[in-house]
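Colleague: Generate a structure from the sequence data that follows.
(one chain, ligands or ions: 1)
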Amino acid sequence: MGPTTKVRIAILGSGTGSNAKALCQAARSSESAFSVALVLTTSSAAGMCEVARGENVDLEVIPASVKGEEFSTKLCSLLEQYRIDVLVLAGFMRLVSPKVLTYMSGHVVNIHPALLPEFGGKGMYGLHVHEAVLASGRTETGATVHVVTEQYDEGAVIGQTKVSVLEGDSPASLQKRVKESEHQLYPLAINHYIRENFQDIVGSVPIAGISAVS
Ligand code: GRF
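Modeller: Sure, this is the predicted structure:
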């Protein structure tokens, strides 16, 4: 039996939306502790928008020209309007402001395509991450879901998944395999986070698949 009430998440990003799609699909399971109440993006051309329409989830666009304080204010008002419990970043390229973190009581999570704390921080996004992993000669990489702080890619780790680096891997081939692992990890890690932090909403019902989160 799944939880009777679900935690409401918003997914914020400006990329292809593959993680948003995986989250929307996972949310349909009766075992899921969350529902996707909103997809938010800074570009009406982003793949995220197609995903939101295809998954029949409400979509809001805050244009990329809206920055700083104005962006934070707009974001907080949408989070309030849609009664969002957890803000989930998936390909959001900016830092989250203290105003938004405070508004969400710290319930903001992100996914990064490497095993943090390695290969994180400013400039470590997209193919740059996988180029750096290959240049380092590491035989293992992966993905990390973590709580968001005022710095890039810091904050408590919620879950990680490992991916082997194969001989002959290019940054693009590695990115593809890491992304596939992200789609498995993200819903599990969010369910785990919710079970730990929102017992008042979802109760103490065990959530299937959580043992897979290390
Ligand atoms: C993912 O690789 C994620 O780790 C990073 O941004 C990318 C978003 O990809 N933070 P997508 O838009 O979910 O396909």
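Colleague: going forward, measure contacts between C-alpha atoms and count neighbours the same way
Modeller: OK.
Colleague: residues in the chain within reach of the ligand, list them.
Modeller: Gly15, Thr16, Gly17, Ser18, Asn19, Ala20, Ala90, Gly91, Ile111, His112, Pro113, Lys179 (CA under 6 Å from any ligand atom).
Colleague: if you set the cut-off to 5 Å instead, what comes out?
Modeller: Within the chain, the positions lying close to the ligand (CA under 5 Å from any ligand atom) are Gly15, Thr16, Gly17, Ser18, Asn19, Gly91, Ile111, His112, Pro113.
Colleague: The first one belongs to a strand, doesn't it?
Modeller: Looking back up the chat, that one is Gly15. No - assessed with DSSP: H, G, I helix; E, B strand; the rest coil, Gly15 is coil; it does not lie in a strand.
Colleague: ok now the helix or strand in which Glu70 is found, how far from the chain's centre?
Modeller: Remark: Glu70 resides in helix 68-81, with elements defined by DSSP states H and E. Centre-to-centre, helix 68-81 and its host chain are 19 Å apart (CA atoms, centre = their mean, to the nearest Å).
Colleague: before we move on, what about stretch 17-26?
Modeller: 10 Å.
Colleague: from now on call the first residue 662
Modeller: With 662 as the first residue, the last one maps to stretch 678-687.
Colleague: Relative to Pro832, how far out is Phe695?
Modeller: As judged by CA to CA, to the nearest Å, Phe695 and Pro832 stand 33 Å apart.
Colleague: Looking at those two, which one has more neighbours?
Modeller: Phe695 (27 against 18; other CA atoms under 10 Å).
Colleague: Alright, I will stop here.
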